[in-house]
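**Q** Sequence and predicted structure are below.
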Amino acid sequence: GDFSRRATMRSTAVVFAALCLVALAAAQTPAPGDAAAEGTGCPFTLSLPWTYENDTVVDLAEKVEVEGEDNPLAVTTVCNCPHVTEAPTVCTCEGPKSDDCDSYAEILSGFFLFAEKFMGVFMHIGEFAAKYHIEHVAFWAILGTIFTWIGMIIVLYSEIKAVIITRERDEREKLVAGNYLSKNASCDDTLFKNEEDSLAPRPYLTIGGGILFWIGMLCQFVPFCHILGLIFPGLVFFHGLCIVFVIVGTLVLAASTFLFTIGLCWSCTRPYAALVLIVVALLGDVMIFGGLISIGIWIALAAGIFYAYFAYAPQYFEENKGDTPDWVQNLGNWYKVGTNYEEWQKAAESGARSAEADSRAFVKSVPGGKESLEAADKAAEMAKKAAADAQAAAEKAAADAQDAAKKAAGQDSGSV
């Protein structure tokens, strides 16, 4: 059936209620003259630390729509908030039933009033979609396409750069093994450090690009929520919570595409490891049609395969067999994201050094670039020296002034 698109965003409001209520500073105050216990159907007021541009009415019975159910929140509370120029805004909420004034109703009222103020576009996305359907679809499609391509470009840049560095290392090892190249410890250490600086931001770029790619797919599929229910019948267990349906479907699809892309990048350099990623990715594309159970099986199976191949197998052969077979290959640090601020800072500094070195190398390759870069370096060095001299002079002047003040103070005290 064709149910209202208002379920797309509003049905998720309950999921995020606990998080958003932390930011809600509304003081719940009983209405004058109604001091009876809660749950009696009496009106209550909410004092909100913000204002609305117009008189606002929030009807909880209409805020969440689920196919086949009327008023899934089971409350009929209606809150009226007048337009005032200064906070607080005192909203009056009431309903015909006794349950419309209990703690549950007050919490939901506070959340939806908060959402009406700070998430108004998303709370009314269904109305906008019904009124401007073509514009609605175009907006999400364009926004999603932008995010998807940015994420894909970041992943490709990060992984292709890692592939190039790895291939260069492989070639150097072959040349050294064939006695075509002599090993220079000092040169090797410098080159290895520069390469490690280039690889330091890799996990953040790869994982961040993958997340951005998923967000882009999510945005593109939002307007076609009801169509996805026909394409993937195995996910009908969401019972109308369309946005959750889209999140799960696009998450699996983005993850499999992400793994497939990384596998293709490494297919010529580390073919066995790339084959593992590609097989898992294609398996995910197939399992998504089976619904929640098959998705869960794919997640468990992918985790097991990755652990067995990338973690257990190298350690096993290293400890028991000595030589690692050719089919056990490593893709580097593409998933090893830091867990503390020091690691993030170190990766950022390494990436900055690498970017600066790459930029300087590019400028030197341009005709006349080497001379311009040397002139710029000299100018920067002179400016740095001038700044240091000025600072030293200022510090000396301050010290001389302090000594003079001390002497003057000593003479004054002696004369007294």
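**A** Structure's in. What do you need? Numbering: from 1, shown residues only.
**Q** ok, Asn320 to Pro314 distance?
**A** Note on Asn320: its distance to Pro314, by CB to CB, to the nearest Å, is 11 Å. Glycine gets a C-beta too; all of them are placed from N, C-alpha and C.
**Q** now do Ala281
**A** 22 Å.
**Q** Over to Gly178?
**A** From Gly178 over to Pro314 the distance is 26 Å, taken as CB to CB.
**Q** which of the two has more neighbours?
**A** A direct count of neighbours by other CB atoms under 10 Å for Gly178 and Pro314 places Pro314 higher, at 14 against 8.
**Q** doesn't Leu331 make contact with that one?
**A** No: at 11.4 Å, Pro314 does not count as touching Leu331 under the criterion of CB atoms under 8 Å.
**Q** elements contacting the host helix or strand of Leu251?
**A** Secondary-structure assignment from DSSP states H and E places Leu251 in helix 242-265. Using 3 or more CB pairs under 8 Å, 6 or more residues apart in numbering; DSSP states H and E as the contact definition, the elements that helix 242-265 packs against are helix 7-10, helix 133-177, helix 202-221, helix 225-231, helix 271-287, helix 292-306.
**Q** List the pairing partners of the helix or strand that contains Thr45 within its sheet, with orientation.
**A** Taking DSSP H and E as the definition, one finds Thr45 inside strand 44-48. Counting by DSSP bridges, the strands paired with strand 44-48 are strand 27-30 (antiparallel), strand 89-94 (antiparallel).
**Q** Lowest average confidence across those, which one?
**A** Mean pLDDT is lowest for strand 27-30 out of the strands paired with strand 44-48, coming in at a mean of 42.
**Q** Number of residues surrounding the closest residue to Met123 other than its chain neighbours?
**A** Distance criterion CB to CB, 6 or more residues apart in numbering; nearest residue to Met123, sequence neighbours excluded, is Ala115 at 5.3 Å. Using other CB under 10 Å, Ala115 has 21 neighbouring residues.
**Q** tell me which element Ala115 falls in.
**A** Here Ala115 is assigned to helix 103-118, by DSSP H and E.
**Q** quick check: angle from that helix to strand 44-48?
**A** 40 degrees (axes from the mean of the first three to the mean of the last three CA atoms, to 10 degrees).
**Q** Pull out the buried residues from the helix holding Leu251.
**A** Residues of helix 242-265 classed as buried by neighbour count (16 or more other CB atoms under 10 Å): 242-243, 245-250, 252-263, 265.
**Q** Over to stretch 98-111?
**A** So for stretch 98-111, counting by 16+ other CB under 10 Å, buried means 100-102, 104-106, 108-111.
**Q** contact partners of stretch 74-82?
**A** 46, 48, 52, 55-61, 89-97, 99-101, 104-105, 108-109, 112-113 (CB atoms under 8 Å, 6 or more residues apart in numbering).
**Q** which strands and helices sit next to the helix holding Ala115?
**A** Secondary-structure packing of helix 103-118 (3+ CB pairs under 8 Å, 6+ apart): helix 17-20, strand 44-48, strand 56-59, strand 78-81, strand 89-94, helix 120-123.
**Q** Quick check: Thr166 touching Asn333?
**A** No: the pair Thr166 / Asn333 is not scored as a contact, 11.3 Å apart, by CB under 8 Å.
**Q** Neighbour count for the two, which is higher?
**A** Thr166 (18 against 15).
**Q** number of nearby residues for Ile154?
**A** So Ile154, with other CB under 10 Å, has 20 neighbours.
**Q** ok, now the one 4 residues further on?
**A** The tally of other residues near Ser158 (other CB under 10 Å) stands at 24.
**Q** and it, how far is that from Gly208?
**A** 9 Å.
**Q** Kindly report the same for Thr324.
**A** 31 Å.
**Q** buried residues in stretch 153-170?
**A** Going by neighbour count (16+ other CB under 10 Å), the buried part of stretch 153-170 is 154-156, 158-159, 161-163, 165-166.
**Q** Ok, stretch 166-186 next?
**A** Quick answer for stretch 166-186 (16+ other CB under 10 Å): Thr166.
**Q** quick one: contacts of it?
**A** Residues from elsewhere that reach stretch 166-186, judged by CB under 8 Å, 6+ apart: 195, 269-270, 332.
**Q** Same question for stretch 142-158.
**A** 201-202, 205-206, 208-222, 258, 261-262, 265, 334.
**Q** What's the per-residue pLDDT of Ala13 here?
**A** With respect to pLDDT, Ala13 scores 43.
**Q** Report the rounded mean pLDDT for the helix holding Ala115.
**A** For helix 103-118, the mean pLDDT works out to 86.
**Q** Averaged pLDDT, the lengthiest helix in the chain. What do you get?
**A** Ordering each helix of the chain by length in residues (DSSP state H) puts helix 369-415 first. For helix 369-415, mean pLDDT rounds to 78.
**Q** Check which helices and strands it sits against.
**A** helix 341-365.
**Q** and the helix it packs on, what other elements does it pack with?
**A** Packing partners of helix 341-365 (3+ CB pairs under 8 Å, 6+ apart): helix 185-199, helix 202-221, helix 369-415.
**Q** now the angle between helix 242-265 and the second one, please.
**A** So the one you mean is helix 202-221. Calculated by the same axes, to 10 degrees, helix 202-221 forms an angle of 140 degrees with helix 242-265.
**Q** before we move on, what about the first one?
**A** Here helix 185-199 points in a direction 160 degrees away from that of helix 242-265 (the same axes, to 10 degrees).
**Q** pLDDT averaged over helix 185-199, what's the number?
**A** 74.
**Q** That helix versus helix 133-177: what angle between them?
**A** Using the same axes, to 10 degrees: helix 185-199 against helix 133-177 is 170 degrees.
**Q** same deal with the last one?
**A** The directions of helix 369-415 and helix 133-177 differ by 100 degrees, with the same axes, to 10 degrees as the criterion.
**Q** can you check the second one too?
**A** Helix 202-221 runs at 160 degrees relative to helix 133-177, counting by the same axes, to 10 degrees.
**Q** For helix 202-221, name the packing helices and strands.
**A** For helix 202-221, the packing partners by 3+ CB pairs under 8 Å, 6+ apart come out as helix 133-177, helix 242-265, helix 341-365.
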